[in-house]
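Peer 1: Using only what follows, build the 3D model:
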Amino acid sequence: MTLDPIDQRLGAHVAADELLGLAWLVDDSNTVATGAIGHLDAARTTPVRTDTIFRISSMTKPLTAVAASILIEDGVIDPAEPVDRLLPELADRQVLTHPAAEITDTVAARRPITIDDLLTFRLGWGMDFTDFSPKPFTAACAELGLGAGPPTPAEMPPPDIWLARLGTLPLQFQPGERWLYHVGSAILGILIARAAGTPLSQFLSERVLDPLDMPDTGFSVAPGQLDRFGPHFVQIDGERVVFDPVDGQWISPPVFEGGGDGLVSTLADFHRFARMLSGGGELDGTRILSERSVAAITTNHLTAEQIARGGPEPDGSAGWGYGVGVQLTDRPDGPRAGAYGWAGGLGSSWTNDGPVTAILLTNQMWNSAGPLPVFATFEQILGERSRLSGGV
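Peer 2: The predicted structure follows:
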């Protein structure tokens, strides 16, 4: 089978003005191909490069899960233990009688939140992909300044204050009952910092980023690297506008280091992270995790009922491991069962599918309908490469 050049297929989306620019990488274990298309700026004067630094948003979640898994291996935390020891703000939970109930209409939680609940997004707080209707709980979160929607690290309160405010609210569901998106990673980042006795950024650097040689990944962009960074865009009413300027939210370390959505990275950096996982926790002779821990991260933990009630994919084709989505069925035109990875709402995606790793980074946020069409094209390319590789 002869594939169209990847640049040509992805470039068609840039040429159609769907987005301004992107960078991509496909590694089929035999060859690593990369490309950069389009521009960083609306004036189209600065080209995207393969070493451009992008906001990776929710692709932060897998790195946070790896950091927590390191602490589990170190014996510092146990996935089965309640979070109460490290996060006393979350002890003695109350739970809404119904997701749309008033904040005061609650019952006692049947059990404490565990660290495993944070890792698997079953703690009882988070985004319900099946119901985005306004609710008293959503309004209460907004009133407390807890943050919602696209990441806004410059506007979040310090972690201890954020957690204390969150702790005044009841859970939306009983611990262990439902898969709900995002909040588990944000809380997990705070737990990691407290367990390690260092800021999340420092622990990530010392135990993940530096050992893997990922110099361009972090919660802010170094001033000397801003020439490789650009503004980020969003489409509003058919008009492309700046969501975050080059000297905006990521120009300096944030007050809140978001374990769910705060990092920037590059193709090369994230490729090394992806290779570490596909290598069973080891890369170039450096071991980050045991194979057993990698299996725990990349294996689905959700029950069939939890997936049916609202898992990572509306069609039930994917479950959730620790910080990653896990494909449960073969997609007709995309990844196969067993593939894992995740995407970011600011316009990024990563998948490990057998021996194939695919990464797409863009400078435009998803719209309200979901990923831009370029991501479907990239998923097709991944599916074709995975099948051609003959991997399992």
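Peer 1: Helices of the stretch 201-350 of the chain, start to end?
Peer 2: For the stretch 201-350 of the chain, the helices defined by DSSP state H, counting those that start in this stretch cover 267-278, 291-298, 304-310.
Peer 1: Return the angle between stretch directions for the longest one and helix 291-298.
Peer 2: Just to be clear, that refers to helix 267-278. Here the directions of helix 267-278 and helix 291-298 differ by 110 degrees (axes from the mean of the first three to the mean of the last three C-alpha atoms, to 10 degrees).
Peer 1: where in the stretch 251-392 of the chain is pLDDT low?
Peer 2: Within the stretch 251-392 of the chain, the segments meeting pLDDT under 70 span 369, 390-392.
Peer 1: can you rerun that using 90?
Peer 2: By pLDDT under 90, the low-scoring segments of the stretch 251-392 of the chain are 313-315, 331-334, 367-370, 383-392.
Peer 1: Let me see the ranges of the strands in it.
Peer 2: For the stretch 251-392 of the chain, applying DSSP state E, counting those that start in this stretch gives strands covering 264-265, 282-283, 286-287, 318-320, 325-327, 340-344, 348-353, 356-362.
Peer 1: Deepest-packed of these, please.
Peer 2: strand 356-362 (a mean of 28; mean count of other C-beta atoms under 10 Å). Quick note: C-beta positions are derived from backbone N, CA and C, even for glycine.
Peer 1: and it, what does it pack onto?
Peer 2: Other elements packing on strand 356-362 under the criterion 3 or more C-beta pairs under 8 Å, 6 or more residues apart in numbering; DSSP states H and E are strand 21-27, helix 267-278, strand 348-353, helix 373-389.
Peer 1: Those: which one's closest to Thr152?
Peer 2: Closest to Thr152 of the helices and strands packed on strand 356-362 is strand 348-353 (C-beta to C-beta; 17.2 Å).
Peer 1: packing partners for that closest one?
Peer 2: Using 3+ C-beta pairs under 8 Å, 6+ apart, strand 348-353 sits against helix 267-278, strand 340-344, strand 356-362, helix 373-389.
Peer 1: Could you export the last one as CSV, CA atoms only?
Peer 2: In this case it means helix 373-389. Extracted in CSV, the C-alpha atoms of helix 373-389 (Å, rounded to 0.1, in the frame of the first residue of the first chain):
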residue,chain,number,x,y,z
PRO,A,373,-10.8,17.7,11.2
VAL,A,374,-7.0,17.5,10.9
PHE,A,375,-7.1,15.1,13.9
ALA,A,376,-9.3,12.6,12.0
THR,A,377,-6.9,12.7,9.1
PHE,A,378,-4.0,12.1,11.5
GLU,A,379,-5.8,9.2,13.1
GLN,A,380,-6.3,7.6,9.7
ILE,A,381,-2.5,7.9,9.1
LEU,A,382,-1.8,6.3,12.4
GLY,A,383,-4.3,3.4,11.6
GLU,A,384,-2.6,2.8,8.2
ARG,A,385,0.9,2.8,9.7
SER,A,386,-0.1,0.5,12.6
ARG,A,387,-1.6,-2.0,10.2
LEU,A,388,1.3,-1.8,7.8
SER,A,389,3.7,-2.4,10.8
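Peer 1: hang on, the earlier thing: dump the helices and strands packed on strand 348-353 to TSV, plus distance to Ile190.
Peer 2: Converted to TSV, the helices and strands packed on strand 348-353 look like this (distance: least, C-beta to C-beta, whole Å):
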stretch	distance to Ile190
helix 267-278	22
strand 340-344	20
strand 356-362	27
helix 373-389	31
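Peer 1: Could you say which of these is packed most deeply?
Peer 2: When the helices and strands packed on strand 348-353 are compared using mean count of other C-beta under 10 Å, strand 356-362 is most buried, at a mean of 28.
Peer 1: That strand pairs with which strands?
Peer 2: Taking DSSP bridges as the criterion, strand 356-362 sits next to strand 21-27 (antiparallel), strand 348-353 (antiparallel) in its sheet.
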